[in-house]
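S.K.: using only what follows, build the 3D model:
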Amino acid sequence: MERLGVVLVVVGVGVAAGVAVVLRQLRATLERLSATATASHDQLRLGQQGHLADRYTRAVDQLDAQRAVAVRLGGLYALERIAHDSPDDRQAIAEVLCAHVRTAPRPAPTAAEDAAPAALERRAPDVQAAVTILGRWWQRLREPPPALDLRHADLRGARLDGARLQGASLAGAQLQGASLAGAELQGADLRGAQLEDADLRGAQLQGAALRDARLHRAVLGGAQLRDAVLDGAQLQQADLDGAQLQRASLAGAQLQRARLGGAQLQGANLARAQLRGAVLDGARLQDALLRDADLSGARLRDANLAGAQLQDAILDDAKLQRASLDGAQLQRAKLWRAALQHASLDRAQLGDASLAAAQLQDTDLGDAELRDAWASQATEWPAGWDADRARAAGVRFVDRPRQPAAPPPDRSGLPARQRR
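M.R.: Numbers count the residues shown, from 1 in each chain. Here you go, the predicted model:
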């Protein structure tokens, strides 16, 4: 039995040793296979990188200004495909596309095109293709594009409907006659951009910087401009019907004869804005800042100006029928011959305001503060009011009411034939 036990032990040791050898060999084999796989993967990755680098180089070479337009177009679309295949190259590709937009050759515009620019896709189809690729970056790659530098780019007549260009830098860009309907431009820098006759209907411009932008006759109906900065912007004859401008800053903006029907301007800053002849029927201007604004001849029928600050504003000949001016601050405002029939002025502050020849028939004066306001014999009072009651409320009468101030020099930037 002892001899049998020894034999079994020896056999067991031999088996264990054999198993250990097999395991070592198996481990070594696996390590060799893993190393081979890693090397193959690295080689494949290097090959792919080399292939992508070659594709990238060839695509960029195709953008040379001396090449035919069709060749440049091929290079641009090749770059878009590379961006899809190689996330690491997207930043560089976006920068190349932006540089192409800024510097690619365009034919010199004709005299007729100076007044009405031709579509960009006809003038420079490769430039149109480049901005189209940038505008659909999110749609194709499911991520926002890198920072886009399109400053001072010539994009006259470009088609960018629905483009997603959030945060893009377009300062000083030439976008006259461009179509940007529904474009997403939240937070974009459009300072000093030239957007005359541009179509921005329904565009998303929340928080965008549009200081000193030129928007003559631009169409911004239904555009989203909440918290946007439009100080000093030139918006003469622009269409802003139904635009969302809550808390926007339009200090000193030029809005002569602009259309703002139904616009949402709650809390907006319109101090010193030029709104002569503008149409604001049904606009919502609650708590808006309108100090020193010129609203001569403006239409504000059914507008809501409750709580608005209108100190020193000019409202001569303004049409304010059925408007709400409850709690409005109208100290020193000029309302010569203003039409206020059926308007509400409950708790409005009118100290030193001019109501000479104003039409106040059926107006609700409520608890309006009229002390030291000015009126004339031509002022039309609501039922139950007359000159004696007005005097008792502190109104002063003048024999020769102040005539409206002479209109300021036209600063619309439009030719005389278009200002008529």
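S.K.: please compute how far stretch 64-81 lies from its chain's middle.
M.R.: Averaging C-alpha positions (C-alpha atoms, centre = their mean, to the nearest Å) puts stretch 64-81 31 Å from its chain's average.
S.K.: tell me which residues are up against that stretch.
M.R.: When contacts are defined by C-beta atoms under 8 Å, 6 or more residues apart in numbering, stretch 64-81 is touched by residues 55-56, 58-63, 93, 96-97, 100, 104-105, 125-126, 129-130, 133, 140. (Glycine included, C-beta is placed from N, CA and C.)
S.K.: neighbours around Ala392, how many?
M.R.: 9 (other C-beta atoms under 10 Å).
S.K.: below-threshold pLDDT in the stretch 51-200 of the chain: ranges please.
M.R.: 51-52, 109-115 (pLDDT under 70).
S.K.: in the stretch 301-420 of the chain, which segments are predicted with low confidence?
M.R.: In the stretch 301-420 of the chain (pLDDT under 70), the answer is 400-420.
S.K.: what about the helices in it?
M.R.: 387-392, 416-419 (DSSP state H, counting those that start in this stretch).
S.K.: for the first one, name the packing helices and strands.
M.R.: Of the remaining helices and strands, those touching helix 387-392 by 3 or more C-beta pairs under 8 Å, 6 or more residues apart in numbering; DSSP states H and E are strand 396-397.
S.K.: which helices and strands does the strand it packs on pack with?
M.R.: Applying 3+ C-beta pairs under 8 Å, 6+ apart, we find strand 396-397 packed against strand 374-375, helix 387-392.
S.K.: just the C-alpha atoms of the longest one, please, in PDB.
M.R.: Same thing as helix 387-392. Extracted in PDB, the C-alpha atoms of helix 387-392 (Å, rounded to 0.1, in the frame of the first residue of the first chain):
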ATOM      1  CA  ALA A 387     -61.400 122.900 -19.000                       C
ATOM      2  CA  ASP A 388     -62.500 123.800 -15.500                       C
ATOM      3  CA  ARG A 389     -62.200 120.200 -14.200                       C
ATOM      4  CA  ALA A 390     -58.800 119.900 -15.900                       C
ATOM      5  CA  ARG A 391     -57.600 123.100 -14.200                       C
ATOM      6  CA  ALA A 392     -58.900 121.700 -10.900                       C
END
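S.K.: which other residues reach it?
M.R.: Leu370, Ala375, Gln377, Thr379, Trp381, Phe397.
S.K.: for Asp372, grab the count of nearby residues.
M.R.: Neighbours around Asp372, by other C-beta under 10 Å: 14.
S.K.: any idea how far Gly394 is from it?
M.R.: Asp372 sits 6 Å away from Gly394, going by C-beta to C-beta, to the nearest Å.
S.K.: what sits against the residue nearest the centre of the chain?
M.R.: Most central in the chain under C-alpha atoms, centre = their mean is Leu205, positioned 2.4 Å from the mean C-alpha point. Shown in contact with Leu205 (C-beta under 8 Å, 6+ apart): Leu185, Gln186, Ala188, Ala223, Gln224, Leu225, Ala228.
S.K.: next, count neighbours for the first one.
M.R.: Applying other C-beta under 10 Å, we find 27 other residues in the vicinity of Leu185.
S.K.: just checking, it touches Gly202?
M.R.: No. Contact between Leu185 and Gly202 fails when scored by C-beta atoms under 8 Å: they sit 11.4 Å apart.
S.K.: re earlier: got a quick PyMOL command for the buried subset of the contacts of Leu205?
M.R.: Buried residues within the contacts of Leu205, by 16 or more other C-beta atoms under 10 Å, are selected in PyMOL with:
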select buried, resi 185+186+188+223+224+225+228
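S.K.: nearest to Ala303, of the contacts of Leu205?
M.R.: Leu225 (18.0 Å; C-beta to C-beta).
S.K.: out of the helices and strands packed on strand 396-397, which is the most enclosed?
M.R.: By mean neighbour count, with neighbours taken as mean count of other C-beta atoms under 10 Å, strand 374-375 ranks first of the helices and strands packed on strand 396-397 at a mean of 24.
S.K.: quick one: contacts of it?
M.R.: The contact list for strand 374-375 (C-beta under 8 Å, 6+ apart) reads 352-356, 358, 387, 390, 395-398, 401-402.
S.K.: now distance to Leu250 too, for those, in CSV please.
M.R.: CSV is the format used below for these (distance: C-beta to C-beta, whole Å):
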residue, distance to Leu250
Asp352, 26
Ala353, 23
Ser354, 25
Leu355, 27
Ala356, 29
Ala358, 26
Ala387, 39
Ala390, 35
Val395, 33
Arg396, 34
Phe397, 36
Val398, 33
Pro401, 31
Arg402, 27
